[in-house]
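Chemist: Requesting a structural model of the entry that follows:
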Amino acid sequence: MQLFCQLARMIVEPIIIPTMERKKLIQQLAIMIFQVETNHHPVRVAIDGVDASGKTTLADELAEVMQTNERQIIRASVDGFHNPQHIRRKRGTLSPEGFYYDSYNYNALENFLLKPLGPNGDRRYRTSVFNLLQDQPSESPEKVADQDAILLLDGIFLLRPRLVSFWDLTIYIDVNFSQTMTRGMQRDANLYGSVDKAAERYHKRYIPGQKHYHQQANPLDKADILIDNNNLEAPRFIRVPEHLRSG
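Modeler: Next up is the predicted model:
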């Protein structure tokens, strides 16, 4: 999702028609999230995964299911907190280190979204502060969250050491790199001008950057809930905490 705002993703992402297996997992996941309790502040849920793992689509489906409940659902993406291009590209356009370290404005993510919704926060939040396609600041309207609201935030690198303490529940969408490479090349071909150029991005920047993230943060072990999404029609739970499994 590195180079897309929400509109761009809608244009290039394939439409997934949920099967019964997929719908069942989404419904079970929603039930688990509703069980999470916090001390007088909204529940902050991270939905992490590598590029093209399907985390945004899953998060959107999850939000749709959960909105049938009376609780407020706040849907956001880390893509609304990118750094300007001159910062993202300062180590080089294809730098995997630049991809991991320079892509996002974590000060803004924390100050405008995660801290306000956390303990002692005033619940006044914004879901984005930057327009990636225009490469300029563009703040979403400030809103006030309900005390029992639920934030569903999708994005890459969400379990990095700097952010891990902000989450009340963490979900990792696991897909092998051969799958994400195929999905990503198909999705991003129009953006970069050809399948070959998209493949170059994945080979030189995105996959090495994700491998660096895994070495630094070990998200597969840190995530509370681990989901295998290699088969889009039939994702499956790999790990679920015992206290949520019994609910």
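Chemist: Would you quantify the distance from L232 to E21?
Modeler: According to C-beta to C-beta, to the nearest Å, L232 stands 10 Å off from E21. Just so you know, the C-beta spots here come from the backbone N, C-alpha and C atoms, and that holds for glycine as well.
Chemist: higher neighbour count, those two?
Modeler: Neighbour totals were compared for L232 and E21, and L232 leads with 18 against 13 (other C-beta atoms under 10 Å).
Chemist: What's the separation between that one and G209?
Modeler: For L232, the distance to G209 - C-beta to C-beta - is 23 Å.
Chemist: Strands along the chain, start to end?
Modeler: 43-49, 73-77, 124-125, 130-131, 136-137, 143-144, 150-154, 169-174, 225-228, 236-239 (DSSP state E).
Chemist: Point out the one among those that comes closest to D60.
Modeler: Taking C-beta to C-beta, strand 73-77 is the member of those nearest to D60, at 7.3 Å.
Chemist: Which other helices and strands does the closest one contact?
Modeler: helix 55-66, strand 150-154 (3 or more C-beta pairs under 8 Å, 6 or more residues apart in numbering; DSSP states H and E).
Chemist: from the ones you listed, which stretch is densest packed?
Modeler: Sort those by mean neighbour count, taking mean count of other C-beta atoms under 10 Å, and strand 150-154 sits at the top with a mean of 26.
Chemist: Walk me through which strands that strand pairs with, and which way each runs.
Modeler: strand 43-49 (parallel), strand 73-77 (parallel) (DSSP bridges).
Chemist: and these as TSV, adding mean neighbour count, mean pLDDT and distance to L94?
Modeler: Converted to TSV, those look like this (neighbours: other C-beta atoms under 10 Å; pLDDT from 0 to 100; distance: least, C-beta to C-beta, whole Å):
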stretch	mean neighbour count	mean pLDDT	distance to L94
strand 43-49	26	98	22
strand 73-77	21	98	23
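Chemist: Of those, which is nearest F237?
Modeler: Across the strands paired with strand 150-154, F237 has its closest neighbour in strand 43-49 (14.1 Å, C-beta to C-beta).
Chemist: Identify the residues contacting the closest one?
Modeler: Contact with strand 43-49 is made by 33, 36, 55, 58-59, 62, 114, 117-118, 148-159, 163, 166-175, 219, 223, 229, as judged by C-beta atoms under 8 Å, 6 or more residues apart in numbering.
Chemist: picking up where we left off before, redo the helices and strands packed on strand 73-77 as TSV? Include distance to E142.
Modeler: Below are the helices and strands packed on strand 73-77 laid out as TSV (distance: least, C-beta to C-beta, whole Å):
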stretch	distance to E142
helix 55-66	20
strand 150-154	15
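Chemist: can you redo those as TSV with mean pLDDT and distance to D122?
Modeler: Listed next are the helices and strands packed on strand 73-77 as TSV, based on pLDDT from 0 to 100; distance: least, C-beta to C-beta, whole Å:
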stretch	mean pLDDT	distance to D122
helix 55-66	97	24
strand 150-154	98	15
